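Visitor: All I have is the shape, not the residue letters:
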């Protein structure tokens, strides 16, 4: 079993996917979690690469959020597209990251991810509420690299 596969149990992965699904029920925004062994350098640059690779920059309202984890590096990044970054409070991603990190420090990665997803979903709902015309532009599954 690889380090990535061992990072979360199948049950924890299902809970995270469900958190994404529930968060997206109230918004046109998109949330994605990506987990890989290492960023092989700067985690923010790698998160941006993953964001583009997953075509998260192609959402209609530019309101996608990537939660990127490099488990061996013990690093993570929350990357929001320009549409959401232009409207959330200046320190929003830092406060979300702090909440997640408090769970991560105690080894509760699933709950940290769920909390980050929920907090991101609340902001997306505020600025990008659900519309009848909304389509799920990105799958809710966890991507792995």
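Guide: That came through, no problem. Because the structure is predicted, anything quoted here is derived from the model rather than measured.

Visitor: C-alpha from now on. contacts and neighbour counts both.
Guide: OK.

Visitor: any idea how far residue 112 is from residue 61?
Guide: According to Cα to Cα, to the nearest Å, residue 112 and residue 61 sit 27 Å apart.

Visitor: The two - which one has more neighbours?
Guide: residue 112 (23 against 15; other Cα atoms under 10 Å).

Visitor: surely the more buried one meets residue 105?
Guide: No: with contact defined as Cα atoms under 8 Å, residue 112 does not reach residue 105; the gap is 9.4 Å.

Visitor: shared neighbours of the two, which are they?
Guide: Taking Cα atoms under 8 Å, 6 or more residues apart in numbering as the contact rule, residue 112 and residue 105 touch no residue in common.

Visitor: residues in contact with residue 139?
Guide: The neighbourhood of residue 139, defined by Cα under 8 Å, 6+ apart, consists of residue 32.

Visitor: ok, now how distant is it from residue 57?
Guide: Per Cα to Cα, residue 139 is found 14 Å from residue 57.

Visitor: Repeat that for residue 128.
Guide: Distance, residue 128 to residue 57, by Cα to Cα: 16 Å.

Visitor: just residue 114 next, same as before
Guide: 23 Å.

Visitor: cool, residue 42 as well?
Guide: From residue 42 to residue 57 the distance is 20 Å (Cα to Cα).

Visitor: which one of these two has more residues nearby?
Guide: residue 57 (19 against 10).
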